[in-house]
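Engineer: based on what follows, work out the 3D shape:
(one chain, ligands or ions: 2)
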Amino acid sequence: MYLPSFSLAGKTAMITGAGRGIGRALAIGFAEAGADVILVSRTRKDLDEVAGLVQEMGRKAYTYAADVTQKQEIQSLYHSLDTDHIPLHILVNNAGMNIRSKALDVTEEEWETIINTNLRSAFYFSQEAGKRMKEAGYGRILNISSVGGHVALRTGVVYASTKAALIQMTKNLALEWGKYGINVNAIGPWYFKTPLTEKLLADEAYLNDILSRTPLNRVGELQELVGPAVFLASDAGSYCTGQTLFVDGGMTVYGF
Ligand SMILES: NC(=O)C1=CN([C@@H]2O[C@H](COP(=O)(O)OP(=O)(O)OC[C@H]3O[C@@H](n4cnc5c(N)ncnc54)[C@H](O)[C@@H]3O)[C@@H](O)[C@H]2O)C=CC1
Ligand SMILES: C[C@H](O)[C@@H]1OC(=O)[C@H](O)[C@@H]1O
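Structural biologist: Numbering: from 1, shown residues only. Ligands and ions are numbered 1, 2, ... in the order given. Prediction:
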């Protein structure tokens with residue numbers, strides 16, 4: 001038989017930024033695939049809403065309100081998992097943000113905020129997950145990068161730099177942790193309608209610019225991102241590591 005399992009049954013997945021947008025879709029989609037989920041975000045109300053939906057499916061949902069830029073909060077979150085004997089099989093580093101400044105205008109505070117939210121947090125979440133996954137001899141880490149980590153976007157150099165760094169971090173952790181049975185991959189989305197992008201996508205001229213560079217001539221639907229993520233997190237993706245899968249409607253191959 002050649003068709004591997006795409007199921008996440010028996011797995012527990014931690015998703016950062018799970019309160020809304022892509023993280024919320026991944027949390028619900030992973031639960032639909034059979035996983036229990038550990039939901040991390042800043043907003044308790046958002047977390048509880050997602051947890052309720054997951055629990056209605058008969059899956060467990062653990063919620064942790066935390067600021068991913070605070071290393072201490074990351075460490076105490078993992079300590080709580082250990083204390084409560086909650087297993088961790090899959091980590092999705094999804095939390096992210098952008099401040100769309102031109103390079104000449106970037107302030108130190110903007111730099112720190114974007115770097116700490118998008119990159120530093122992903123490293124420290126991965127480091128803590130790696131310790132536990134190494135011990136278990138199994139793990140799947142998925143970093144949510146962006147097409148902006150591969151091609152230049154007009155939405156800011158700092159954000160793009162964090163997304164490019166996530167792609168390289170994916171390769172290095174895959175190299176170091178493959179021997180422990182830990183797969184590390186990244187996904188590079190083009191535009192999907194979420195609170196991060198909805199104002200931009202509501203601008204007709206901006207949307208036309210996006211579509212003019214997108215062979216599929218449309219922005220993505222969130223379930224079109226969940227599918228590739230479940231693939232990489234499941235047995236079906238078990239020989240993929242160090243890779244970045246661009247889920248972009250063809251945008252990154254658009255030359256002219
Ligand atoms: N929406 C899109 O078109 C694209 C999004 N991405 C990436 O996907 C990821 C998710 O993006 P969206 O869902 O669109 O964004 P969003 O703004 O809709 O959601 C981001 C989530 O991260 C959480 N978050 C932000 N800062 C946090 C912090 N310091 N501590 C804890 N939680 C924090 C927010 O509370 C929210 O739940 C980001 O890494 C983003 O860069 C990449 C390419 C395209
Ligand atoms: C596609 C990018 O990751 C995304 O688009 C935006 O406008 C956000 O600020 C990000 O750059």
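Engineer: which residues are in contact with residue 89?
Structural biologist: Residue 89 makes contact with 11-13, 35, 133, 136, 138-140, according to C-beta atoms under 8 Å, 6 or more residues apart in numbering. Using the backbone N, CA and C atoms, a C-beta is placed for each residue, glycine as well.
Engineer: for residue 52, see how far away it is.
Structural biologist: Residue 89 sits 23 Å away from residue 52, going by C-beta to C-beta, to the nearest Å.
Engineer: which strand or helix spans residue 160?
Structural biologist: Assigning secondary structure by DSSP states H and E places residue 160 in helix 157-177.
Engineer: do the next helix or strand after that helix and ligand 2 meet?
Structural biologist: Under the assignment DSSP H and E, the closest C-terminal helix or strand after helix 157-177 is strand 182-189. No - counting by C-beta under 6 Å from any ligand atom, ligand 2 has no neighbours in strand 182-189; the shortest distance is 6.6 Å.
Engineer: mind exporting strand 182-189 as CSV, just the C-alpha atoms?
Structural biologist: Extracted C-alpha coordinates of strand 182-189, given in CSV (Å, rounded to 0.1, in the frame of the first residue of the first chain):
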residue,chain,number,x,y,z
ILE,A,182,12.5,15.9,14.3
ASN,A,183,11.4,17.3,11.0
VAL,A,184,11.6,21.1,10.6
ASN,A,185,9.9,22.7,7.6
ALA,A,186,8.5,26.1,6.6
ILE,A,187,5.5,27.4,4.7
GLY,A,188,5.7,30.6,2.7
PRO,A,189,2.2,32.0,2.1
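Engineer: right, is that strand up against ligand 1?
Structural biologist: Yes - interface with ligand 1: strand 182-189 contributes residue 189 (C-beta under 6 Å from any ligand atom).
Engineer: what's the spacing between that strand and its chain's center?
Structural biologist: Relative to its chain's centre, strand 182-189 lies at 8 Å (C-alpha atoms, centre = their mean, to the nearest Å).
Engineer: and what of stretch 171-191?
Structural biologist: Averaging C-alpha positions (C-alpha atoms, centre = their mean) puts stretch 171-191 12 Å from its chain's average.
Engineer: give me the buried positions along that stretch.
Structural biologist: Under the neighbour-count criterion of 16 or more other C-beta atoms under 10 Å, stretch 171-191 has 171, 173-174, 177, 182-191 buried.
Engineer: now the residues you listed as JSON lines including pLDDT?
Structural biologist: Output for the buried residues of stretch 171-191, formatted as JSON lines (pLDDT from 0 to 100):
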{"residue": "171", "pLDDT": "99"}
{"residue": "173", "pLDDT": "99"}
{"residue": "174", "pLDDT": "99"}
{"residue": "177", "pLDDT": "99"}
{"residue": "182", "pLDDT": "99"}
{"residue": "183", "pLDDT": "99"}
{"residue": "184", "pLDDT": "99"}
{"residue": "185", "pLDDT": "99"}
{"residue": "186", "pLDDT": "99"}
{"residue": "187", "pLDDT": "98"}
{"residue": "188", "pLDDT": "98"}
{"residue": "189", "pLDDT": "98"}
{"residue": "190", "pLDDT": "98"}
{"residue": "191", "pLDDT": "98"}
